[in-house]
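> Fold the following.
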Amino acid sequence: MFYVALRILLYDKIRSLITLLGVVFAVGLIFNQLGIFLGLMETSSVIIDHTPGDIWVTSKNSKNFDFSQPFPEYIYNQTIADPEILSAEKLIVAWGIIRQKEGGTEQVEVVGFNPDTGVGGPWDMLAGDTRYLKNGNFAIVDESAMKRLGKIQVGEYRDVLFHRLQIVGISRGVKSFTTAPILFTSFELAQRLVTYMGSDSTVFVVAKIKPGASVDQVIARLQQRLKGVDVFTAADFSMKTRKYWAIETGVGFSFMLTIVISFLVGMLIVGQTIYNSTMEHIKEFGTLKALGASNSDIYRIIFSQAIINAMLGYIFSLIITVSTVKLYEAGGMVMVVRGWVNFLVLGLTLLMCLGAAFVSVRRIKSIDPAILFRG
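Got it, this is the predicted structure:
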């Protein structure tokens, strides 16, 4: 039956090619939208996911990583006092302004951390070292910032929040969901830069528990002891940040709508082609039934056409998607291509094409072998 289905598709090569292109377009758009959406979600929580720590203490009702509010530093002392906390670090995330060389300003996201431990700081350095941030007005910028800030070299100076900072390092892989360049400094310098915070405030406390301790139990104790803050596991705070950007901003709905439309367009293209092919070969199918073929035999032919279209369209779309990942990166975007994403899109592609074939299957049920003798 698979051979018969292939012969039917090859009978009209132009129509089959147009159908295949339609499937490639629809599946490619699904790959594109899923990949970019997942890339945006990973970007939104990239610092949380790369920061070594089991527990995040945040301001009360904090919705995401980028817009948390400061709280008193004594919360840090209360956190580290828990007997099952191995270590804890303070982290500042705030917004500021950087002055361009040619004039004008850009908004930046300032991340202040402890250079001695590196907790909350960059994890992949192209140039320099996080330890260079100590004891001075020094900063590290991510390479992705160069699209907004221009060419930046180690050793040059930039004015940030009316303070002159020297660039001592270039990091890699720290892209912000908000597209604002990220600037890393020491915790103490970040406190001085962000004047509204005061000299006794922090935005996060990131804690690591002792081996064998229960994260849930430690969180329960901290929630009872600490007032005016929230306590999350690293995974929960990462997911909370992603949900905020995906749901509350409408980004997730926009991507989902595009995926649904692509799915329906692909189903329409495949369904119309298979249906027209079925109608053109209606007498041949009647002949098969007259020779003893059952409806299920003919169903297999139709579904085989759908599977051929699905697999060819999927393979070509996957090749195109993988080959364009670098182009997205060059454009400053992140497109995620993962094994589970590929299997998900494969399932959607098969569902799309097999679902489209059901229209033709319903038509086959009513075929009467006597159609051979009609004019």
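
> now for the helix ranked longest in the chain, which elements pack on it?
Using DSSP state H to define each element, the chain has its longest helix at helix 13-44. The helices and strands touching helix 13-44, judged by 3 or more Cβ pairs under 8 Å, 6 or more residues apart in numbering; DSSP states H and E, are helix 234-243, helix 251-280, helix 295-323, helix 325-330, helix 339-365. (Each C-beta comes from the backbone N, C-alpha and C, glycine too.)

> Figure out which of the ones you listed is closest to Val206.
Within the helices and strands packed on helix 13-44, the stretch nearest Val206 is helix 234-243; the backing value is 8.0 Å (Cβ to Cβ).

> Go through that closest one and flag the buried ones.
Ala234, Asp236, Phe237, Ser238, Lys240, Thr241, Arg242 (16 or more other Cβ atoms under 10 Å).

> What of stretch 246-255?
Within stretch 246-255, the residues that qualify as buried by neighbour count (16+ other Cβ under 10 Å) are Ala246, Val251, Gly252, Phe255.

> Going by distance to Val345, which of the residues you listed wins?
If you rank those by distance to Val345 using Cβ to Cβ, Phe255 comes first, at 13.7 Å.

> I figured that closest one hits Ile36, correct?
Yes. At 7.3 Å, Phe255 counts as touching Ile36 under the criterion of Cβ atoms under 8 Å.

> circling back: tell me the buried residues in the longest helix of the chain?
Of the residues in helix 13-44, those with enough neighbours to count as buried (16+ other Cβ under 10 Å) are 16, 19-20, 22-44.

> ok, then the element right after it?
Next along the chain after helix 13-44, taking DSSP states H and E as the criterion, comes helix 46-50.

> Spit out the contact partners of Val334.
With contacts taken as Cβ atoms under 8 Å, 6 or more residues apart in numbering, Val334 has the following neighbours: Ile36, Gly39, Leu40, Glu42, Thr43, Lys175, Tyr328.

> again, but for Phe204
For Phe204, the contact set (Cβ under 8 Å, 6+ apart) comprises Trp56, Val57, Thr58, Ser68, Lys90, Leu91, Ile92, Val93, Gly120.

> can you rerun that using 7 Å?
Taking Cβ atoms under 7 Å, 6 or more residues apart in numbering as the criterion, Phe204 is in contact with Trp56, Val57, Thr58, Ser68, Leu91, Val93.

> Quick check: bridge partners of it?
Each beta-bridge partner of Phe204 is listed here, defined by DSSP bridges: Leu91.

> and it, what pLDDT?
pLDDT recorded at Phe204 is 94.

> next one: Ile282
pLDDT, Ile282: 64.

> What degree of burial does Trp123 show, as a neighbour count?
17 (other Cβ atoms under 10 Å).

> Can you classify it by secondary structure?
Local secondary structure at Trp123 is given as coil here, using DSSP: H, G, I helix; E, B strand; the rest coil.

> Identify each of the strands in the stretch 51-200 of the chain and give its residue range.
When secondary structure is read from DSSP state E, counting those that start in this stretch, the stretch 51-200 of the chain shows strands at 55-59, 71-72, 85-99, 105-113, 125-128, 138-142, 157-160, 163-171, 182-186.

> and those as a markdown table, adding mean neighbour count and distance to Val270?
Supplementary listing: the strands of the stretch 51-200 of the chain in a markdown table, determined by neighbours: other Cβ atoms under 10 Å; distance: least, Cβ to Cβ, whole Å:
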| stretch | mean neighbour count | distance to Val270 |
| --- | --- | --- |
| strand 55-59 | 23 | 47 |
| strand 71-72 | 19 | 56 |
| strand 85-99 | 20 | 48 |
| strand 105-113 | 21 | 45 |
| strand 125-128 | 16 | 46 |
| strand 138-142 | 25 | 43 |
| strand 157-160 | 17 | 55 |
| strand 163-171 | 19 | 46 |
| strand 182-186 | 25 | 44 |
